[in-house]
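**Q** predicted structure and sequence below. I'll ask about it afterward.
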Amino acid sequence: SLTINGTVTGDVFNEGTLNGGGTVIGNVSNAGQFSPGNSPGIFSIDGDLNLQQASMLNIEIAGLVAGVDYDQLIVTGNVLFNGALNVILDTSTYNAALQDSFNPVIFNSGSGDMEIITPTGYGYELTVADKKLVLVTTVVPGLSLPDIQSEVVTLTDTIVNINKIEDINEVQTELIDSDEENDEQKGALLVCS
């Protein structure tokens, strides 16, 4: 087990457990458990990070503020993503909500694939945006985001489908004509596509 809370200059290879809230000036290769931060906190690498296939990157989440409420890993160089990202929730201080977003890893460049391991009853989407690994809550116990969000509207009146609008006066005329055809109507709905 290796805990880094200060600054280490030189390359680090981990096959056991690496944790702490320090800085490595050099490259880090991980083939074991890597828990950045001090429950939670920030771990920095001024170099490259190689997360090997056997790597388990443990990210503790106890709120929404990086480095204060959840672990964050900052890498100035390239990250090779492999292995798994293990989400550890502290439900004693944090109540997860749908679409809560986290940036557990910030990097200069990166490639690879990672599996996500989540606590029972929770789900996350893992993407990359603006040189950040983005983790978004998609399922909490009893709630989930639908796979497809539709544009469903409850209709009680006429629907006019418009594929191309060239002249707004034609649309208004079409609506007026539609209302005149059925005096019992209370209004009309435009569905633009």
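**A** In hand now; what should we look at? All values derive from a computational prediction rather than experimental measurement. Residues are numbered from 1 along each chain as shown.

**Q** next one: the lengthiest strand in the chain to chain centre, how far?
**A** Longest strand of the chain, by residue count under DSSP state E: strand 132-140. Centroid displacement of strand 132-140 relative to its chain, using CA atoms, centre = their mean, to the nearest Å, is 3 Å.

**Q** please renumber the chain so that the first residue is 264 from this point on.
**A** Renumbered: residue one is now 264, and that last one reads strand 395-403.

**Q** buried residues in it?
**A** By 16 or more other CB atoms under 10 Å, the buried positions in strand 395-403 come out as Lys395, Leu396, Val397, Leu398, Thr400, Thr401, Val402, Val403. Just so you know, the C-beta spots here come from the backbone N, C-alpha and C atoms, and that holds for glycine as well.

**Q** what's the answer for stretch 337-353, then?
**A** Quick answer for stretch 337-353 (16+ other CB under 10 Å): 337-338, 340, 342-352.

**Q** among the residues you listed, name the ones in strands.
**A** Ile337, Val338, Val342, Leu343, Phe344, Ala347, Leu348, Asn349, Val350, Ile351, Leu352.

**Q** check contacts around Gln296.
**A** Listed by CB atoms under 8 Å, 6 or more residues apart in numbering, the contact set of Gln296 reads Gly279, Thr280, Leu281, Asn282, Met319, Asn321.

**Q** which one of these is nearest to Asp332?
**A** Distance to Asp332 across the contacts of Gln296 (CB to CB) is lowest for Asn321, with 15.4 Å.

**Q** check the gap between the spatially most central residue of the chain and Gly295 for me.
**A** Closest to where the C-alpha atoms of the chain average out (CA atoms, centre = their mean) is Leu398, at 2.5 Å. The gap separating Leu398 from Gly295 is 21 Å, by CB to CB, to the nearest Å.

**Q** least trustworthy helix or strand in the chain by mean pLDDT?
**A** strand 421-425 (a mean of 40; mean pLDDT, DSSP states H and E).
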